[in-house]
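> Pasting a predicted model and its sequence here:
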Amino acid sequence: MQFKHPEILYFLFLLVIPILVHLFQLRRFKKEYFTNVRLLKELSIQTRKSSQLKKYLLLATRLLLLACAIFAFAQPFFKAKDSKGATNELFIILDNSFSMQAKGQKGELMRRAVQDLLESAPENTQFSLLTNGDNFWNTDIKSIQKELQNLPYSAAPFVLEQQLAKIKSRPSVFDKDVVVITDAVGLQPTHLKGLHPEATYFIVPKAEQRNNVSVDSVYIKESSDDFYNIGIDLKAYGDDFKEVPIALYNQNKLIAKTLVDFDSKQASVGFMIPKADFHGFVQVTDNGLEYDNKLYFSISKPQKTNVLVVGEPEKNVFLSRIYTSDEFNYQSFTSGALDYNLLEKQDAVVLNELREIPQALQTTLKSFVEKGGNVVVIPAADAAPANLNAFLSAFGKIQFGALQQTTKLVTKINFNHPLFAGVFEKKIDNFQYPQTKSAFSVTVGAPAALSFEDQSAFVTALQNPMSSVYVLTAPINKDNSNFQNAPLIVPTFYNMAKSNAKTGVNATIIGDNLPFLVNATLGKDEILSVGNTFELGEKFIPVQQILNDKVRLNFNDHPQQAGNYSVYKGNETQAEISFNYPRTESNLMQTQAEALSDFKTADSLDTVFTQLQTDRTDNQLWKWFVIFALLFLATEILIQKFVP
């Protein structure tokens, strides 16, 4: 026990006064003479005994009364269990990622957590609140009540390390208490580094329904003259799934609808749509999370792709048969007759067995690739490896060695390579193996799209977010290879030249920050803006860079809402683009609550605040001593009145 005013305890010496008064009182009994005292003698003895008992009782009560009063003024207390933490700053981290859309016993997990905070936080308590998107520093519950009630779900996944880094960056002389409210989806023990178990509380609300269906991707399976056959991949998380309805919308108009049955954790469904501009979404209806039930996507009306081939005319014949006039604007030049001004207007440039790549052409093609153009390099048998390496080193890790005069078969297709996306419905093992009589030895850091039987690369790609440089490691003229006669040559060179900006599905993931090219010519003070197409939603101006007759757009973390958007030049639409939330929160089975075994956990914020109050508040005893003093005062009065 400790005292707030220990100096008052010196007044305990006053207890001597009642004792002295009791011992040295001056009152004496007087003798009275009677004619007959036989009857009074016994009465006199009884009176003296009773009087002595009363005096001792009064002395004891007065001593206790005075002592309790002195102790009360000294204010005794028992020190709090965690008295050092009484000055700690309080930080509350609230997970408002999409996985918190899951429903618990009292509704959506995040909404329930917000209500718990509004009801439990003391009005006079200062704290800082951190969410996935917003931070409220040194505030109180009244100041942020409206913001909490309107708190949106965040497209960004919950990353505890980022929130802890924000807290650590706040300079303070006080220690910190951290309360984390999260469903622990995707949480790993490595995410908890730097947390102090004694000053950290976790509140982990639990979802009652963990089954969830997510629309994963949309792609073009097949393309005919008039129709696209689009494929839609769905993923199921959990167990025991029933048929799920799926619908396809174009510009908010229902186009088709069907049911998807999950025999496994994945399912695919196809729809036929006209070969024209498409700007809509696909939607499933399930009892799980809502955010991943929609996937917005856009398909641009096919435009002809500009392809320029540099090489000898007799060697370029096979390319002219692939790049036909119905889909391509094809041009062919020799190295000496090439007009470099034509390159910036191309979508793809093929260097077909050039003995040497001139320095001026190297410089021009480097700029061409930076602006989103694809380059295909087919080496000549007599090309100098040093010349090839000087050119290709600007695009990635690749190193040509000497030409090897060895016949090799092309035996492996990388079906997961972007070059062959949507080409094959299933993996093929017994395709016709093309061969080469000679090939360059090559060291490359990127995975090969096609490989020889000795696992060395035959076709590889050096990719960046905007374009690709495709490299073959062997000449494919008819004297050296039969690859021109292989069925595989058509999809390979077709996809090398095609630009995703002119054909294919656009379904951008928010936060990926991949550049987007728009065919537009801007004046001095003109800019491009991006706005929601069918709703009164978000409108923003992206980071943009003018590249001749194109504009490169970077979106960073914009937009905040998924949907179909248009790129505007003033009021004129330049392109269509669709944005989607990342699917990182879809799997509710990733909950890792066991990682929190070393930390304090609670079922609600009210429990946390009560525990902090209990552990950090001294147990004051002065009130009890006041009560005891009053009791002894009442006891003295009763003794005076009823004890003879």
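Happy to help now that I have it. Quick caveat: nothing in here was measured; it's all calculated off a predicted structure.
> can you give me the strands in the stretch 501-644 of the chain?
505-506, 508-509, 516-519, 528-532, 539-540, 543-547, 550-554, 563-569, 572-580, 600-602, 619-620 (DSSP state E, counting those that start in this stretch).
> between those strands, which gets nearest to residue 447?
Ranking the strands of the stretch 501-644 of the chain by proximity to residue 447 (CB to CB) places strand 508-509 first, at 21.7 Å. (C-beta placed from N, C-alpha, C; glycine too.)
> And the contacts of the closest one?
Residues outside strand 508-509 that contact it (CB atoms under 8 Å, 6 or more residues apart in numbering): 514, 516, 555, 577-582.
> Could you check how far that strand is from the centre of its chain?
Relative to its chain's centre, strand 508-509 lies at 15 Å (CA atoms, centre = their mean, to the nearest Å).
> partners of that strand in the sheet?
Within its sheet, strand 508-509 is paired with strand 572-580 (parallel), according to DSSP bridges.
> how about the partner strand: buried residues?
In terms of neighbour count (16 or more other CB atoms under 10 Å), strand 572-580 has its buried residues at 574-580.
> That strand to strand 563-569, inter-axis angle?
Our comparison of strand 572-580 with strand 563-569, counting by axes from the mean of the first three to the mean of the last three CA atoms, to 10 degrees, yields an angle of 150 degrees.
> Can you pull up the most central residue in the chain?
Among the residues of the chain, the one closest to the centroid is residue 157, at 1.5 Å (CA atoms, centre = their mean).
> my guess is that one meets residue 186, correct?
Yes - Residue 157 lies in contact with residue 186 (CB atoms under 8 Å); the separation is 7.0 Å.
> Find the residues that touch each one of these two.
Common neighbours of residue 157 and residue 186 are listed as 584-585 (criterion: CB under 8 Å, 6+ apart).
> Identify the residues contacting stretch 173-182?
By CB under 8 Å, 6+ apart, the residues outside stretch 173-182 that reach it are 84-85, 87-95, 100, 113, 158, 160, 164, 167, 195, 199-205, 605, 608, 612.
> which residues of this protein fall in helices?
In the chain, the helices defined using DSSP state H lie at 16-23, 38-74, 109-120, 145-149, 160-168, 317-322, 359-370, 385-392, 489-497, 605-616, 622-642.
> what packs against the fourth one?
Meaning helix 145-149. Applying 3 or more CB pairs under 8 Å, 6 or more residues apart in numbering; DSSP states H and E, we find helix 145-149 packed against helix 109-120.
> now the helix it packs on: how far from the chain's centre is it?
21 Å.
> before we move on, what about stretch 546-566?
Chain-centre distance of stretch 546-566: 21 Å, with CA atoms, centre = their mean.
> how far does that stretch stretch from start to finish?
Length of stretch 546-566, first residue to last, CA to CA, to the nearest Å: 18 Å.
> If you count neighbours, what's buried in it?
Buried, per 16+ other CB under 10 Å, within stretch 546-566: 547, 550-553, 555, 558-560, 562-566.
> same check, this time on stretch 285-304
Across stretch 285-304, burial judged by 16+ other CB under 10 Å covers 286, 288-289, 291-300, 302.
> do the same with stretch 107-119
Within stretch 107-119, judged by 16+ other CB under 10 Å, the buried ones are 108-114, 116-117.
> just to revisit the earlier point, contacting residues for the residue nearest to the centre of the chain?
Residue 157 sits next to 97, 132, 186, 582, 584-585 when contact means CB under 8 Å, 6+ apart.
> Look up how far residue 346 lies from it.
Distance of residue 157 to residue 346, computed by CB to CB, to the nearest Å: 39 Å.
> swap in residue 233?
Using CB to CB, residue 233 is found at 33 Å from residue 346.
> for the stretch 1-150 of the chain, which spans come out with low pLDDT?
Regions of the stretch 1-150 of the chain meeting the criterion pLDDT under 70 cover residues 1-5, 25-50, 77-87.
> quick revisit: will you turn the helices of the chain into a markdown table that also has distance to residue 526?
Formatted as a markdown table, the helices of the chain follow (distance: least, CB to CB, whole Å):
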| stretch | distance to residue 526 |
| --- | --- |
| helix 16-23 | 98 |
| helix 38-74 | 80 |
| helix 109-120 | 42 |
| helix 145-149 | 37 |
| helix 160-168 | 37 |
| helix 317-322 | 38 |
| helix 359-370 | 22 |
| helix 385-392 | 35 |
| helix 489-497 | 31 |
| helix 605-616 | 52 |
| helix 622-642 | 76 |
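> Next one: the nearest residue to residue 559 once chain neighbours are set aside relative to residue 562, how far apart?
Leaving aside its sequence neighbours, residue 559 sits nearest to residue 538 (CB to CB, 6 or more residues apart in numbering; 4.6 Å). Between residue 538 and residue 562 the computed distance is 10 Å (CB to CB).
> do the same with residue 574
Distance from residue 574 to residue 562, by CB to CB: 21 Å.
> Can you check which of the strands of the stretch 501-644 of the chain gets nearest to residue 484?
strand 505-506 (30.3 Å).
> List the neighbouring strands of the closest one plus their orientation.
strand 294-299 (antiparallel).
> May I have the strand it pairs with exported as CSV, CA atoms only?
Provided in CSV are the C-alpha atoms of strand 294-299 (Å, rounded to 0.1, in the frame of the first residue of the first chain):
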residue,chain,number,x,y,z
LYS,A,294,-18.4,-8.4,-60.8
LEU,A,295,-15.6,-8.2,-63.3
TYR,A,296,-15.7,-5.2,-65.6
PHE,A,297,-14.1,-5.5,-69.0
SER,A,298,-13.9,-3.8,-72.4
ILE,A,299,-13.2,-5.1,-75.8
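> Could you check how far residue 632 is from residue 68?
According to CB to CB, residue 632 stands 6 Å off from residue 68.
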